[in-house]
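Enquirer: coordinates for the following, if possible.
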Amino acid sequence: MSIQVVRPQNRQEFMSKLVGPAYDPKEGTVPKPFSEPTKLGQPEQNRAYQISVKNDTEKDFYIGLEDIDSAVNYYFNDVLKLSVVQNNTKLTIPIIYGTPENWKSVQADGYYRDQNGKLLAPLLMFKRTSVTQNRNLGNKLDGNLVHNVQTFATKYNKRNFYSNFNVLNSRSPETKYVVSITPDYVTVVYECIVWTYFVEQMDKIIEALNFASRSYWGDPNRFQFYSSIESFQDSINYEIGENRAVRNSFSLTLNGYLIPDTINKKVANASVYYGVSEIVFGLETTSGTEEFSVKAASTTVAPKSVLLTDSQNIVIQQSSDTAAVTYLGINKSVVGTYSSPTTIVFAATFALAPSPLPSTSVDNFTFFVNGQYIEPASITSFTEVGSTSVLVVNTAVLGFTFDQTDVVLAVGKFN
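Expert: Presented below is the predicted three-dimensional model:
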């Protein structure tokens with residue numbers, strides 16, 4: 001479609017665009033008014049979007065490195081349940097995290113000993129060695145002004161409780177959405193060391209770990225992360241005397257994600273918002289002898305609204321029931337042909353309205369150009385001309401003119 005009027009922007013219009021971004025994910029293309037920044041370096045806040053979370057049962061969404069460590073520890077203890085057989089007794093392998101003190105002692109001596117200096121085996125120790133960002137999966141664009149968010153709808157809450165009245169009256173509930181920013185995807189690497197007394201015991205452990213590789217580790221009720229183990233490094237260590245231990249080390253790689261619990265994350269985006277609620281009215285007719293007042297159709301109809309001429313209650317005689325019901329059910333779509341920048345011709349005529357229904361007029365049709373709704377206020381006339389119907393618009397109100405490439409669709413009561 002071609003633009004009718006083009007003029008340069010004045011100073012006020014140009015400066016108003018510098019107040020905020022030209023696109024608002026909540027309001028479409030309408031720039032949202034920002035309040036003054038509370039602190040330099042922090043994102044601006046709009047208090048109109050802030051909703052109180054007082055007495056709210058939903059906690060703020062948070063995933064940290066501790067959750068990933070807990071997932072590894074849970075999988076070792078509660079899923080793998082590594083064990084060995086020694087002296088006809090099944091021993092569960094203890095799992096410990098390599099604190100800096102313990103890890104340094106292991107690296108220096110090659111063993112892990114208790115307070116009395118005794119070598120502890122069997123034993124598995126793991127320690128997080130690196131956290132690397134994965135840029136291939138996603139990016140939140142700007143950490144101080146997050147636009148990539150994910151929403152989770154709650155079924156029922158204190159503002160949306162179940163009611164038979166809402167069901168009987170087709171009332172859509174007010175949905176509550178919990179908002180969470182797009183996480184930072186990371187690759188976390190763990191260094192793990194296993195000690196046993198015999199090679200046969202170590203073989204059983206390696207077989208169990210190798211089978212669990214390339215699966216999702218973690219608590220199913222919390223978080224799970226995809227893991228992989230590529231290789232195992234065997235070694236047998238001897239000491240002077242009778243101390244002997246079989247040692248094996250391997251690297252565990254987890255594909256994780258992080259959502260921090262920081263102030264800039266909370267300020268960057270809303271944590272909760274509510275959807276709109278609506279009441280849907282269906283089409284009703286009657287064949288009784290009751291008297292109803294007929295309301296005139298409104299001159300302006302909002303997009304996606306029901307026309308009054310299609311939904312008013314009118315007395316219908318028994319002899320014309322079939323014709324009236326058939327007429328009310330007509331809703332045909334016809335594509336128009338370009339005639340001029342202000343005129344479109346449709347190869348169809350109006351359907352004849354049976355008595356006592358009002359005659360078919362422009363109010364019984366809805367028009368679209370390239371999928372965009374045409375406001376009734378911009379329509380000058382829509383009349384029958386021979387075997388066609390002609391639409392004429394006021395381009396000053398419409399804001400543009402028709403083009404030969406435009407697809408103009410009329411939906412309504414055509415023959």
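
Enquirer: could you pull out the strands for the stretch 201-350 of the chain?
Expert: For the stretch 201-350 of the chain, the strands defined by DSSP state E, counting those that start in this stretch occupy 216-218, 224-238, 244-258, 272-274, 332-335, 337-340, 343-346.

Enquirer: can you put the ones you listed in JSON lines and add distance to Y111, mean pLDDT and mean neighbour count?
Expert: Every residue, glycine included, has its C-beta placed from N, CA and C. Listed next are these as JSON lines, based on distance: least, CB to CB, whole Å; pLDDT from 0 to 100; neighbours: other CB atoms under 10 Å:
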{"stretch": "strand 216-218", "distance to Y111": "27", "mean pLDDT": "92", "mean neighbour count": "20"}
{"stretch": "strand 224-238", "distance to Y111": "7", "mean pLDDT": "84", "mean neighbour count": "14"}
{"stretch": "strand 244-258", "distance to Y111": "6", "mean pLDDT": "88", "mean neighbour count": "19"}
{"stretch": "strand 272-274", "distance to Y111": "52", "mean pLDDT": "66", "mean neighbour count": "16"}
{"stretch": "strand 332-335", "distance to Y111": "81", "mean pLDDT": "91", "mean neighbour count": "13"}
{"stretch": "strand 337-340", "distance to Y111": "87", "mean pLDDT": "92", "mean neighbour count": "13"}
{"stretch": "strand 343-346", "distance to Y111": "88", "mean pLDDT": "94", "mean neighbour count": "20"}
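
Enquirer: show me the shaky parts of this protein.
Expert: Applying pLDDT under 70 to the chain flags the ranges 1-60, 117, 138-150, 152, 155-162, 165-173, 236-244, 263-321.

Enquirer: domain ranges for it?
Expert: Taking automatic domain parsing as the domain assignment, the ranges for the chain are 46-280, 329-412.

Enquirer: CSV for these, including distance to T322?
Expert: Compiled in CSV, the domains of the chain are given as follows (distance: least, CB to CB, whole Å):
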stretch, distance to T322
domain 46-280, 27
domain 329-412, 9
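
Enquirer: select, out of those, the one closest to A323.
Expert: Closest to A323 of the domains of the chain, according to CB to CB: domain 329-412, at 4.1 Å.

Enquirer: for the closest one, how far is the first residue from the last?
Expert: Domain 329-412 has an end-to-end distance of 10 Å (criterion: CA to CA, to the nearest Å).

Enquirer: V411 touches V335, doesn't it?
Expert: No. With contact defined as CB atoms under 8 Å, V411 does not count as touching V335 (10.5 Å).

Enquirer: immediately after the strand or helix carrying A108, which helix or strand?
Expert: Taking DSSP states H and E as the definition, A108 sits inside helix 100-109. For helix 100-109, the following helix or strand on the C-terminal side (DSSP H and E) is strand 123-133.

Enquirer: ok, and what's touching that following strand?
Expert: For strand 123-133, contacts defined as CB atoms under 8 Å, 6 or more residues apart in numbering pick out 65, 68-69, 72-73, 76, 82, 93-98, 102-103, 106, 112, 184-195, 205, 252.

Enquirer: buried ones in that strand, by neighbour count?
Expert: Residues 123-128 are the ones in strand 123-133 that count as buried (16 or more other CB atoms under 10 Å).

Enquirer: make JSON lines out of these and add distance to T395.
Expert: Converted to JSON lines, these look like this (distance: CB to CB, whole Å):
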{"residue": "L123", "distance to T395": "83"}
{"residue": "L124", "distance to T395": "77"}
{"residue": "M125", "distance to T395": "78"}
{"residue": "F126", "distance to T395": "72"}
{"residue": "K127", "distance to T395": "72"}
{"residue": "R128", "distance to T395": "66"}
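
Enquirer: ok, those residues vs A347, which is closest?
Expert: Closest to A347, out of all of the buried residues of strand 123-133 and judged by CB to CB, is R128, at 71.8 Å.

Enquirer: what residues are up against the nearest residue to D234 once chain neighbours are set aside?
Expert: Sequence neighbours aside, N248 is the residue nearest to D234 in space, at 5.3 Å (criterion: CB to CB, 6 or more residues apart in numbering). When contacts are counted by CB under 8 Å, 6+ apart, N248 touches 193-194, 202, 205-206, 232-235.
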